[in-house]
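Asker: Below are the sequence and a predicted model for it; my questions follow.
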Amino acid sequence: MAKHEPTRILRLLAEPLRLRLLHLLTAGELSVGELASALNARQSLVSTQLARLSEEGLVQVRREGRSSFCRAEPKLLPPLASVALEEHAATRQARNDREAAAQALRRRAGAEPPDSLGTAYLPGRSWEGFSRALLQLVPAMTIADIGIGSGEMALLLAARAQKVVAIDSDAAALKRLQAKARRAGLVGKVDCRLGDASAPPLRAGEVDAIILSQMLHELETPAAAVKAAARGLRKGGCLLVLELLTHEEAWVRTRLGHRALGFSERELLGFMRAAGLVQREVQRASRDPKPPHFVALLGSARKGA
């Protein structure tokens, strides 16, 4: 069978992951680990699909120490592969993949990221304990938590903050938080307010920091919520956004009420830019070790002076 028989190429690129891999590798050389990180896929799966592409002569692999680096030469690709890549390159997924690959290359140029705190069990290690320790380094301030969820973050912040303004459209959730605050002796430090994220009950410049944690994907107009939050910040105040990276798990819409299937780094930066915020930054904060391996994005920005 010919190496680049049309039907063989079509079958090969009908697998979405192989098409995404080939797309990234036509732009430059990446290691297997960098590809797995950029595509939010298991490294073993990436290696398997790269082997298929390599067998067909579409990808070249070289070894350097213990790492494998891969590259695809666009000029050597058969016409059908080039057409498929051109169509794919215009998609939202391809744009997100390119941004993630660029981040992987920036990390390569700098220090290696530390291992996750949750990779191994150690007595006394916990995210709550680590968070409380970090909060000791932060000066007391007024913080708004918009979309409180279970309310645990608001309580954690209240132990150190001057005051936490807890905002949610669910009156029952606010009532539960008030009860928890009473039991924790934090009644005077937790100010519960009923309101919508798109028009939060905050005075202009009322708070030093605002947290939007895993709630933008539940809104019809997430950009409006970011802009509304920015109005509540004091000059120099900080906005923190914790969100999901774009994914394809459509079941979250029916089972969890999500409106958006996550956001790309570009989208979160765009929301903050449109809100007039400065010192904008978005990075991948964590990857769920369990399937479907949701990735959390952490965005931060400040209100100009």
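Answerer: Sure thing, it's come through.
Asker: got a pLDDT number for Leu239?
Answerer: If you check Leu239, the pLDDT there is 97.
Asker: so where do the helices sit in the stretch 51-200 of the chain?
Answerer: Here the stretch 51-200 of the chain has its helices, by DSSP state H, counting those that start in this stretch, at 79-89, 92-109, 127-135, 152-158, 171-183.
Asker: Comparing the ones you listed, which comes out most buried?
Answerer: Highest mean neighbour count of the helices of the stretch 51-200 of the chain: helix 152-158, a mean of 21 (counted as mean count of other CB atoms under 10 Å). From N, CA and C alone the C-beta is placed, and that goes for glycine too.
Asker: how close does Ala72 sit to Leu85?
Answerer: Distance, Ala72 to Leu85, using CB to CB, to the nearest Å: 9 Å.
Asker: picking that back up, which stretch in the helices of the stretch 51-200 of the chain has the least confidence?
Answerer: Comparing mean pLDDT across the helices of the stretch 51-200 of the chain, the weakest is helix 127-135, with a mean of 71.
Asker: picking up where we left off before, list residues touching both of Ala72 and Leu85?
Answerer: Residues touching both Ala72 and Leu85 by CB atoms under 8 Å, 6 or more residues apart in numbering: Leu22, Thr26.
Asker: picking that back up, mind giving me CSV with the helices of the stretch 51-200 of the chain and columns for distance to Ser54?
Answerer: Formatted as CSV, the helices of the stretch 51-200 of the chain follow (distance: least, CB to CB, whole Å):
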stretch, distance to Ser54
helix 79-89, 14
helix 92-109, 19
helix 127-135, 40
helix 152-158, 46
helix 171-183, 52
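Asker: looking at these, which is closest to Arg255?
Answerer: Comparison of the helices of the stretch 51-200 of the chain against Arg255 by CB to CB identifies helix 171-183 as nearest, at 18.9 Å.
Asker: Contact partners for the most centrally placed residue in the chain?
Answerer: With distances taken as CA atoms, centre = their mean, Leu297 lies nearest the centre of the chain, 2.1 Å away. Listed by CB under 8 Å, 6+ apart, the contact partners of Leu297 are 241-245, 262-263, 265, 268, 282-285.
Asker: which among the residues you listed end up buried?
Answerer: Val241, Leu242, Glu243, Leu244, Leu245, Gly262, Phe263, Glu265, Leu268, Val282, Arg284 (16 or more other CB atoms under 10 Å).
Asker: In strands, which of those fall?
Answerer: Counted as lying in strands by DSSP state E, out of the buried ones among the contacts of Leu297, are Val241, Leu242, Glu243, Leu244, Val282, Arg284.
Asker: Put together CSV for those residues, with distance to Val207 on each row.
Answerer: CSV is the format used below for those (distance: CB to CB, whole Å):
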residue, distance to Val207
Val241, 15
Leu242, 17
Glu243, 20
Leu244, 25
Val282, 21
Arg284, 27
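Asker: ok, these vs Thr142, which is closest?
Answerer: The closest of those, once distances to Thr142 are taken by CB to CB, is Val241, at 18.4 Å.
Asker: beta partners of that closest one?
Answerer: Leu212, Gly299 (DSSP bridges).
Asker: Now do the contacts for it.
Answerer: By CB under 8 Å, 6+ apart, the contact set of Val241 is Leu212, Ser213, Leu216, Val226, Leu268, Phe271, Met272, Leu297, Leu298, Gly299, Ser300.
Asker: any weak-confidence spans in the stretch 101-250 of the chain?
Answerer: Low-confidence segments of the stretch 101-250 of the chain, defined by pLDDT under 70: 109-128, 130.
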